[in-house]
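Student: Pasting the sequence and the predicted coordinates here, then a few questions.
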Amino acid sequence: MKFLNYESDGSPRVGLLNDGLVFQIESASSVEELISRGSLGEIQRRTATLGGEELDRVKVRAPILTPDKILLAAINYRAHGTEQKNPPPAQPYFFTKFRSCLIGQGDPIILPRVSTKVDWEAELAVVIGKKCKYVARTEALSHVAGYTVANDISFRDLQFPEGWPEKTNTLGQNWVKGKALDSAFPLGPWLVTTDEIPDPQRLQLSLKVNGVERQSANTDDMIFSVAELIEHLSAGLTLMPGDIISTGTPAGVAVFSGAPYLKDGDVVEATIQGIGTLRNPVRAE
């Protein structure tokens with residue numbers, strides 16, 4: 001099943017998508033409310049309460065709007081590590097973003113006045129379905145509500161110190177300014193439940209800018225699997241329903257490939273097999 005937050009006639013709603021039609025679920029106000037109540041399975045077993053609307057007649061929002069945590073894995077694809085000449089990490093490394101980074105299908109990626117090197121990173125995003133802590137990797141996927149597409153927008157001239165890589169900073173990369181400005185986390189277009197994606201390590205993903213393919217890979221190139229990431233994160237950190245774990249990006253980002261950075265008027269499309277395509281225009285601030 002595909003669950004989504006959307007607007008119809010200016011009113012926020014939650015629904016499920018089936019054969020190009022969006023069916024409203026009147027019993028909840030958001031996808032994360034359904035997840036928190038453990039209602040995804042219940043909805044799957046019965047039909048929605050109202051007739052469906054055509055998908056292109058509604059405004060699709062991010063599938064998760066108010067996560068407690070947004071956690072992103074750094075250098076979690078072998079090819080991405082190779083393109084930046086970094087050895088595989090010994091254990092997962094995470095950074096964070098904020099709710100203000102979240103945008104949905106069709107929302108503009110904003111090019112801020114403070115950055116001229118705005119980059120893309122297509123990623124598989126995992127949404128936690130049950131509160132958990134100290135989860136073994138063998139049980140980790142049972143705590144997942146579903147999957148969606150993410151784009152880890154990065155501001156490379158803010159992320160790295162001037163003169164990088166020859167010049168470094170003793171405090172490391174600037175993860176907040178380099179990763180977490182407004183609109184820096186497109187997410188969507190919907191949440192796909194785990195029954196439709198039994199193995200998250202066998203998914204093809206790609207990213208195009210203005211129709212030109214910039215990234216193409218399979219999630220089997222991850223250094224740490226989805227289950228391993230959940231095991232590592234949940235060791236001492238309580239994961240809550242609706243929390244988002246973005247699992248890293250493959251090779252092909254602008255900063256290492258030499259492709260031009262994003263500019264006003266561009267269109268970015270990130271696609272993952274079994275989920276769909278997250279499409280966002282690019283606009284100057």
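Tutor: All right, it came through fine.

Student: Can you name every helix or strand that the helix or strand residue 232 falls within contacts?
Tutor: Assignment of secondary structure by DSSP states H and E places residue 232 within helix 226-233. The helices and strands touching helix 226-233, judged by 3 or more Cβ pairs under 8 Å, 6 or more residues apart in numbering; DSSP states H and E, are strand 122-128, helix 137-140, strand 244-246. (Each C-beta comes from the backbone N, C-alpha and C, glycine too.)

Student: Tell me who's in contact with residue 175.
Tutor: Residues near residue 175 by Cβ atoms under 8 Å, 6 or more residues apart in numbering: 95, 96, 159.

Student: same thing with residue 255?
Tutor: So residue 255 contacts 117, 119, 154, 156 (Cβ under 8 Å, 6+ apart).

Student: Show residues contacting the lowest-mean-pLDDT helix or strand in the chain.
Tutor: One helix or strand of the chain scores below all others by mean pLDDT, DSSP states H and E: helix 40-44, with a mean of 75. Helix 40-44 has contacts (Cβ under 8 Å, 6+ apart) with 1, 3, 16, 25, 34, 129, 145, 146, 193, 195.

Student: In helices only, show me those residues.
Tutor: Residues of those located in helices (DSSP state H): residue 34.

Student: per-domain residue ranges of the protein.
Tutor: 2-59, 70-284 (automatic domain parsing).

Student: Pick the most deeply packed of the ones you listed.
Tutor: Per residue and on average, the most neighbours among the domains of the chain fall to domain 70-284, with a mean of 19 (mean count of other Cβ atoms under 10 Å).

Student: Off-centre distance for that domain?
Tutor: 6 Å (Cα atoms, centre = their mean, to the nearest Å).

Student: end to end, how far does it reach?
Tutor: Distance between the two ends of domain 70-284: 25 Å, counting by Cα to Cα, to the nearest Å.

Student: Name whatever forms a beta bridge with residue 53.
Tutor: Bridge pairing for residue 53 (DSSP bridges) gives the partners residue 22.
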